[in-house]
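*Asks:* Sharing a sequence plus its predicted fold:
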Amino acid sequence: MQVLRREIEKLGYTRDFSLYDERDIRRLLNQLAREELAHDGDLPSVEPTLQAISMAKNKAQKPHEMESDDFSKKLYGQLETTLRAYNAVDFDSLLYLTLQLFDDHPEVLSKYQLKFRYIMIDEYQDTNPTQYRLAKLLSSAHNNLCVVGDDDQAIYGWRGAEIKNILQFESETIIKLEQNYRSTPTILQGANSVIKHNQQRHQKSLWSSKDPGDLIEVFHAPTDLDEADAVIQRMINYHKQGIPWNEMAILYRSNVLARPFE
């Protein structure tokens, strides 16, 4: 955002551009789809096209390079034209346009290469092609790039992340951080025995100096209500053993999963 606020005029926008969120983009896509199909009734969902465009930008793909149907490619092109007319960008474009800026204007890239002499990137296993190319361009002048990550925790493939970025990273030095301070040896042994089956990974063996800890339990709940009942019952049992309510917490992946517990 800071780079674009200073340099985006070179791409045909003005510095006071607007930043559109996902709702704005969805509204624009619906409008463009309606015009394209000359349709007054209910439209087919634009969600697949929205996701395809986001993935394309994460891969630094232009509309004609997009891995999708012709209709989505056309909407992608029309969306970019409309955003430019409105002097607006979306979140995915922040990276995509910065990459375009560096590719098309070497003098701008040189300025930021001098500014950022040392670069460290955390969670590198989750970088997408656009982020990878940005990092490579910015670090190519001084070659002082340090990345931190764990290929065994690569979970953002659905968002365009490519695990090969960390597996094939060209490094002079590799430091393995194999001591784990969070988990017990029992948990680490279980995790290691599962993750070792991955075909592509850096070999590593996590260990801990903690006590072995409790055995791993496998719990199966046929439905989300069964799961909630079992968790609540376990909390009640802990409370009967003297553990206060304010020392317990329920962890869930997204807010919608809290409803059965409520």
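*Replies:* Yes, it's here.
*Asks:* where does the stretch 101-250 of the chain dip in pLDDT?
*Replies:* Applying pLDDT under 70 to the stretch 101-250 of the chain picks out no residues at all.
*Asks:* In it, mark out all the helices, start to finish.
*Replies:* In the stretch 101-250 of the chain, the segments counted as helices under DSSP state H, counting those that start in this stretch are 106-115, 129-139, 164-167, 185-195, 224-240.
*Asks:* mind putting the ones you listed in JSON lines, mean neighbour count included?
*Replies:* C-beta: built from backbone N, CA, C; applies to glycine. What follows is these, written out as JSON lines (neighbours: other Cβ atoms under 10 Å):
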{"stretch": "helix 106-115", "mean neighbour count": "13"}
{"stretch": "helix 129-139", "mean neighbour count": "18"}
{"stretch": "helix 164-167", "mean neighbour count": "18"}
{"stretch": "helix 185-195", "mean neighbour count": "15"}
{"stretch": "helix 224-240", "mean neighbour count": "13"}
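*Asks:* Just give me the neighbour total for residue 52.
*Replies:* Look at residue 52: counted by other Cβ atoms under 10 Å, it has 20 neighbours.
*Asks:* so what's it closest to, chain neighbours aside?
*Replies:* residue 68 (4.3 Å; Cβ to Cβ, 6 or more residues apart in numbering).
*Asks:* doesn't the one you found fall inside a helix?
*Replies:* No. Read with DSSP: H, G, I helix; E, B strand; the rest coil, residue 68 is coil and lies in no helix.
*Asks:* Give the full set of residues in contact with it.
*Replies:* By Cβ atoms under 8 Å, 6 or more residues apart in numbering, the contact set of residue 68 is 49, 52, 56, 76.
*Asks:* how about the third one, secondary structure?
*Replies:* Three states are possible here, and by three-state DSSP the one that applies to residue 56 is helix.
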